[in-house]
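Undergrad: build me a model:
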Amino acid sequence: MKVELLSDLAAMAALLTILYFLRRRHPQEGVGLWIVGLLFIFTEALAYALYRPFGPLHIPMHVVALDSYLAAGIIFLWAGSKTLFPRRAMLIYLGITATALAALETTYAFDVRTPGPYYFIAAFGLLTGFSAPFLMFRTYQLGRAWWLALAQVLFWVPVGFFTATAVYRNAAYFPLFLLYSMTALVFAVSLPRKSLGRLAIIGSFLIWSLIFLFHAWVTNRPQYVNVAAQIWNWQKFLVTIGMVLVLLERQVSINEWYALHDQLTGLPNRRYFEDKMDEAIRQSQRNGSRAAVVMVDLNGFKAVNDTRGHDIGDRLLQYIAANLKKVIRSHDTVARLGGDEFTLLLTNLPGDLPIARIVEITTSRVEETLMRPFEVDDESFLVSGSVGVAVYPDDTTDEILLRRLADQRMYEQKRQTPFAHV
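TA: Here you go, the predicted structure:
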């Protein structure tokens, strides 16, 4: 065993352990697949530590190393492509691709150096891989199927060429180059753009792909072997660190979102609404437009909550929230202040429209939205709402007074319609 690699193995095991416990504490979709992929990378590193060019462990460790790299690449590609292709179809496609590629890598690892097996594997891989996407994807998704079929041509035609020229090392390593290049591309598309972890992950897979591409060239030049080995080990840590960073960045983003949003409805909360209101008033001052605060309180919600239970009440609030989001424009805001109270912030309203007309239009739209029947378990609920509107700067130029005035008008209307329609 290469004793000098024990420290690297220990460090990678420590990073994997950190990622595992972070994932347990903050469960996130897809991270489990990352861990499985990294376990295969760790297996390859262990096989490399035991590998010798000659001796009884030569072929077994070579098989384990190449197939571990293949398995890791397939798993990472599967994890990163969830937003690009249908999950089940993509899994079947990758399974078919992995079968032929595993046969190729295993054949090379067994020191087979005759063209027959390679030609057979290339033909099998091209035939099954090219036809599979058109059998799995529906008619309207054939555009994506063509991309997957083209990928098979990129994999297997070079394998046939390298076999014809008797460069079997390139025949085995070129598909790994393509696989890891595609994985880098998929992560570049699927991960958030403003992410340090994303850069580390993309960089790692690109380095990996280049290592596979130039493996034969480096092997024939002993003076570069040590440098290549260091880069080979370094990027394994880089991708693991990148995934830890992405996990932490996601958790920070989730925490920030929960700090500014209501967990039940997903709407902005009071803090977020106040920030947007400050922004809207500054905008109105700059361009001379109007802004309106609309306070909404449901009538009869307590009766539904008491008679049908909190679960139905929560679903009703989610239904109302979804309907209110549909009634506003893209630059407006709807927030939940708590309980059954909602508020809308309408910005960039025209300055030449009479205020009475603004209030009338706004009130009627909100009331019409609230009166849409809510159906659950073969029952239909009709819950109305009280609405109060205050317009900046017509009613007042003070932000606190504006919200207070809208609140007062809402309660004035509520006193006139105190009962719900259930």
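Undergrad: can you give me the strands in the stretch 251-400 of the chain?
TA: 290-299, 333-338, 341-349, 374-376, 379-381, 384-392 (DSSP state E, counting those that start in this stretch).
Undergrad: how big is the angle separating the lengthiest helix in the chain from strand 333-338?
TA: Scanning the chain for the longest helix, with DSSP state H as the assignment, gives helix 225-260. Using axes from the mean of the first three to the mean of the last three Cα atoms, to 10 degrees, the direction of helix 225-260 lies 70 degrees away from that of strand 333-338.
Undergrad: so which elements touch helix 225-260?
TA: Packing contacts for helix 225-260, counted by 3 or more Cβ pairs under 8 Å, 6 or more residues apart in numbering; DSSP states H and E, involve helix 6-25, helix 31-50, helix 196-213, helix 215-219, helix 270-287. Where C-beta positions appear, they are placed from N, C-alpha and C, glycine not excepted.
Undergrad: got the ones you listed as a markdown table, with distance to residue 188 columns?
TA: Shown next, in a markdown table, are the helices and strands packed on helix 225-260 (distance: least, Cβ to Cβ, whole Å):
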| stretch | distance to residue 188 |
| --- | --- |
| helix 6-25 | 21 |
| helix 31-50 | 16 |
| helix 196-213 | 5 |
| helix 215-219 | 23 |
| helix 270-287 | 31 |
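Undergrad: reformat those as a markdown table; add mean pLDDT, distance to residue 331 and mean neighbour count.
TA: Output for those, formatted as a markdown table (pLDDT from 0 to 100; distance: least, Cβ to Cβ, whole Å; neighbours: other Cβ atoms under 10 Å):
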| stretch | mean pLDDT | distance to residue 331 | mean neighbour count |
| --- | --- | --- | --- |
| helix 6-25 | 82 | 37 | 14 |
| helix 31-50 | 88 | 35 | 19 |
| helix 196-213 | 91 | 29 | 20 |
| helix 215-219 | 83 | 54 | 16 |
| helix 270-287 | 91 | 9 | 15 |
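Undergrad: by mean pLDDT, show me the worst of the strands of the stretch 251-400 of the chain.
TA: Set side by side, these give their lowest mean pLDDT on strand 379-381, at a mean of 76.
Undergrad: residues of the lowest-mean-pLDDT helix or strand in the chain that come out buried?
TA: The weakest-scoring helix or strand in the chain, judged by mean pLDDT, DSSP states H and E, is strand 379-381 (a mean of 76). Within strand 379-381, the residues scored as buried using 16 or more other Cβ atoms under 10 Å are residue 381.
Undergrad: who does it pair up with?
TA: strand 374-376 (antiparallel) (DSSP bridges).
Undergrad: one step back: ok, which of the strands of the stretch 251-400 of the chain comes nearest residue 204?
TA: Nearest to residue 204 among the strands of the stretch 251-400 of the chain is strand 333-338 (40.1 Å), distances taken as Cβ to Cβ.
Undergrad: that closest one: how far from the chain's middle?
TA: A distance of 26 Å separates the C-alpha centroid of strand 333-338 from that of its chain, computed with Cα atoms, centre = their mean, to the nearest Å.
Undergrad: give me the angle between that strand and strand 290-299.
TA: Compare the direction of strand 333-338 with that of strand 290-299 by the same axes, to 10 degrees and you get 40 degrees.
Undergrad: now for strand 333-338, which elements pack on it?
TA: Using 3+ Cβ pairs under 8 Å, 6+ apart, strand 333-338 sits against helix 270-287, helix 310-327, strand 341-349.
Undergrad: need the residues that contact the least confident helix or strand of the chain.
TA: Strand 379-381 is contacted by residues 304, 308, 316, 373-375, 422 when judged by Cβ atoms under 8 Å, 6 or more residues apart in numbering.
Undergrad: list buried residues within these.
TA: 304, 308, 316, 374.
Undergrad: how about residues contacting stretch 213-228?
TA: The contact list for stretch 213-228 (Cβ under 8 Å, 6+ apart) reads 167, 169-170, 173-174, 177, 211.
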